[in-house]
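Participant: the following block contains a protein sequence and its predicted model.
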Amino acid sequence: MPEDNIDHIDFDALNKKALSAPLVTHIYTADPSAHYFNGKIYIYPSHDIDAGEAFDDLGSHFAMEDYHVISMDSIDSKAVDNGVALHVDDVPWAQQQMWAPDANEKDGKFYLFFPAKDYEGIFRIGVAISDSPTGPFKAEPKAIKGSFSIDPAVFKDDDGAYYMYFGGLWGGQLQRWRTGVFNADQPESPTAFLPADDEPALLPLVAKMTDDLLEFDETPKALEILDKNGNLLLSGDNDRRFFEAAWLHKHNGKYYFSYSTGDTHFICYAIGDSPYGPFTYTGRILNPVVGWTSHHSVCEIEGKTYLFYHDSSLSKGVTHLRSVKVAEIEYREDGSIVTLDPY
């Protein structure tokens, strides 16, 4: 349900039939990265605010300034806002737009991974560290060397290795890095430098992290998303190609790479045998929500799997004022996921 249809929505009726309710209502939250640490649920979302920026396709109206961590004792318990965990003013290299973060744990330390624009207007990815899963987090003085674009998601594999998945089109700037160097031409155009519709779509990136989780241990690699015939998805395949919101989880020994299709508003997934892929497109996890964006995470909690996602129903369709929700997802015997309808 993209924003251009909101004038026709009865939000009272919509919310009554919604799959789930917002986890918190006193602030707006989005892009939830959920983890289960030490028997408790921790959600690392963006914190939406109305900064008065004009709406544009570069996402300037998404002018988030800080992060709050939401915690839950169980999937059915009240969600608790633990206050400001990190503010842009406390990140030496970052100027603005604290977009979708993720977090992970190693050896009793907690690491917050986040994108922000530096003082040259280029999205980079940073790391901040805390002794507590709820923060406060202290940012490293510099962004990760060689990092770019948005939406970092850090997956811990069964062997203890950590991998970061990232990238986003349009305002996420991924298309500006096609030559390996940031292309600053036509900054007002979010679709400049995209491949033609009949060319392979731009791909998300993956990089193994160093042991201290502060840097890439390798040059980021393109993550291939293939159709059933083994061909790369095409740029014009808007219902299936990657746009943003990378996430990786594991189920029955298989790797599930999930993501948003952006302008067509689906959360899709592809399955592979390695954290590096390739991944074969398999289907959709979530159909479109109210609002322009869709962004999610998948988290296993006490033997069940949950999708954390957001929509703009609480703000009655305001694109940049979103609310985090959660719903259980189910697997079929063949490993495919039953698609959820949000309403």
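Facilitator: Alright, I've got the coordinates.
Participant: contacts, neighbours, all on C-alpha from now
Facilitator: Fine.
Participant: where does the stretch 1-150 of the chain have low pLDDT?
Facilitator: Residue ranges of the stretch 1-150 of the chain with pLDDT under 70: 1-7, 54.
Participant: distance of the spatially most central residue of the chain relative to Asp81?
Facilitator: In the chain, the residue lying closest to the centroid (Cα atoms, centre = their mean) is Ala245, at 3.4 Å. According to Cα to Cα, to the nearest Å, Ala245 stands 23 Å off from Asp81.
Participant: same check, this time on Asp158
Facilitator: On the measure of Cα to Cα, Asp158 and Asp81 end up 30 Å apart.
Participant: shouldn't Ala327 be in contact with Ala18?
Facilitator: No - Ala327 lies out of contact with Ala18 (Cα atoms under 8 Å); the separation is 10.5 Å.
Participant: and Met164, that's in a helix?
Facilitator: No - applying DSSP: H, G, I helix; E, B strand; the rest coil, one finds Met164 to be strand, outside a helix.
Participant: what about it, how many neighbours?
Facilitator: Summarising burial for Met164: neighbours were counted as other Cα atoms under 10 Å, giving 25.
Participant: who's in contact with it?
Facilitator: Counting by Cα atoms under 8 Å, 6 or more residues apart in numbering, Met164 makes contact with Pro152, Ala153, Val154, Phe155, Val206, Ala207, Lys208, Met209.
Participant: neighbour-wise, which one of these leads?
Facilitator: Using other Cα under 10 Å as the neighbour test, these are led by Pro152, with 33 neighbours.
Participant: how about that one, what does it touch?
Facilitator: With contacts defined as Cα under 8 Å, 6+ apart, Pro152 is in contact with Ala100, Pro101, Asp102, Phe113, Phe114, Pro115, Ile125, Met164, Tyr165, Phe166, Gly167, Ala246.
Participant: need these in JSON lines with secondary structure, can you?
Facilitator: Supplementary listing: these in JSON lines, determined by three-state DSSP:
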{"residue": "Ala100", "secondary structure": "coil"}
{"residue": "Pro101", "secondary structure": "coil"}
{"residue": "Asp102", "secondary structure": "strand"}
{"residue": "Phe113", "secondary structure": "strand"}
{"residue": "Phe114", "secondary structure": "strand"}
{"residue": "Pro115", "secondary structure": "strand"}
{"residue": "Ile125", "secondary structure": "strand"}
{"residue": "Met164", "secondary structure": "strand"}
{"residue": "Tyr165", "secondary structure": "strand"}
{"residue": "Phe166", "secondary structure": "strand"}
{"residue": "Gly167", "secondary structure": "coil"}
{"residue": "Ala246", "secondary structure": "strand"}
